[in-house]
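# got a sequence here, can you build the structure:
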Amino acid sequence: MKVLRIIARLNVGGPARHVVWLTRGLEDDEFQSKLIAGTVPVGEEDMGYFASENGVEPIFIPELSRELSIKDGISLFKIYREMSLFSPDIIHTHTAKAGTVGRAAAFLYRWLTPGTIVGRPRRVAVIHTFHGHVFHSYYGVLKTRLFLMIEKVLARVATDRIVTISAQQLDEIHGRFGVGRPGSLPSYRSASTSEHFRSASRTERFCVTRSVPPMTRSLSVL
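Next comes the predicted model:
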């Protein structure tokens with residue numbers, strides 16, 4: 001099973017450690033993981049060393065940065081290209097900017113295939129983790145509304161599951177701001193260990209990667 005994880009930058013903080021731990025943890029005979037990261041801007045401390053210390057070699061995309069930029073189109077293309085080369089089963093984005101560009105690329109990756117003509121897009125599970133949000137107290141009214149509108153669209157058309165780091169954040173993101181479909185927002189908590197997923201049965205892992213609710217009756221036709 002291939003997992004592609006995307007984060008805007010490996011700056012000092014919990015998200016950088018989180019993605020490195022998960023990338024390292026899901027790397028063995030059964031799992032193959034890759035991490036895409038953007039650049040750390042001037043004035044922020046770079047934690048790229050933490051990835052190296054844990055044996056993780058990120059794919060760095062210089063055009064992927066925190067702020068809106070005309071280079072975002074280049075970032076989207078490069079991320080889409082990495083997806084096409086890697087053929088992931090799971091695409092997991094982290095933080096706001098990587099979540100926007102990464103899920104837009106994932107949407108293209110899922111649907112830009114000849115199979116779409118016969119109703120068979122690429123099978124890939126797209127997950128986004130909120131480590132925080134910018135829906136208030138960060139930017140002006142117009143910019144905040146723009147970001148919220150983009151997030152609502154991506155959550156509905158390009159995201160299978162949304163992960164929050166607390167129940168309070170879940171209530172705020174979905175309850176207050178209306179982000180996400182109800183079925184895509186179970187009460188998940190972000191965790192820094194992959195042992196639970198690794199020890200799950202094949203059926204449980206199938207449900208996670210294919211966005212199938214537990215205990216759902218399913219029929220396979222060959």
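
# can you pull up the bridge partners for the residue nearest the centre of the chain?
Residue closest to the mean C-alpha point of the chain, counted by Cα atoms, centre = their mean, is Thr93 at 1.6 Å. The partner list for Thr93 in beta bridges (DSSP bridges) reads Ile6, His128.

# my guess is it contacts His128. True?
Yes: counting by Cβ atoms under 8 Å, Thr93 touches His128, with 4.8 Å between them. C-beta: built from backbone N, CA, C; applies to glycine.

# contact partners for the residue nearest to the centre of the chain?
Going by Cβ atoms under 8 Å, 6 or more residues apart in numbering, Thr93 touches 5-7, 99, 102-103, 106, 126-129.

# let me know the average pLDDT across stretch 25-33.
Averaging pLDDT along stretch 25-33 gives 91.

# straight-line length of it, end to end?
One end of stretch 25-33 to the other measures 9 Å (Cα to Cα, to the nearest Å).

# that stretch: which residues count as buried?
25-27, 31, 33 (16 or more other Cβ atoms under 10 Å).

# for those, which one is nearest Arg181?
Using Cβ to Cβ, Leu26 is the member of those that sits closest to Arg181, with 26.0 Å.

# if I look at that closest one, how far off is Ile165?
19 Å (Cβ to Cβ, to the nearest Å).

# for Glu45, same thing?
On the measure of Cβ to Cβ, Glu45 and Ile165 end up 22 Å apart.

# out of these two, name the residue with the larger neighbour count.
Shown here are Glu45 and Ile165; by other Cβ atoms under 10 Å, Ile165 has more neighbours (18 against 10).

# would you confirm that that one contacts Phe130?
Yes: using Cβ under 8 Å, Ile165 makes contact with Phe130 at a distance of 6.9 Å.

# where does this protein have low pLDDT?
134, 137-138, 182-222 (pLDDT under 70).

# please enumerate the helices of it.
According to DSSP state H, the chain carries its helices in the segments 14-25, 48-53, 72-86, 96-111, 141-157, 167-170, 195-198, 202-209.

# which parts of the longest one are buried?
Spelled out, that is helix 141-157. Per 16+ other Cβ under 10 Å, helix 141-157 contains these buried residues: 147-148, 151, 153-155.

# list the contacts for Ala98?
Ala98 makes contact with 6-8, 36, 38, 64, according to Cβ under 8 Å, 6+ apart.

# burial of the residue nearest to it when sequence neighbours are not counted, as a residue count?
Spatial nearest neighbour of Ala98, chain neighbours left out: Ala8 (4.2 Å); criterion: Cβ to Cβ, 6 or more residues apart in numbering. Ala8 has 28 neighbouring residues, counting by other Cβ under 10 Å.

# then Asp72?
For Asp72, using other Cβ under 10 Å, the count is 17.

# same deal with the one 3 residues further on?
In terms of burial, Ser75 registers 26 neighbours under the definition other Cβ under 10 Å.

# same check, this time on the one 5 residues further on
Residue crowding around Tyr80 was assessed by other Cβ under 10 Å; the count is 19.

# OK, contacts around the closest residue in space to it that isn't next to it in sequence?
Of all residues not flanking Tyr80 in the chain, Ala105 sits nearest, at 4.3 Å (Cβ to Cβ, 6+ apart). Applying Cβ under 8 Å, 6+ apart to Ala105 gives the contacts 76-77, 79-80, 83.
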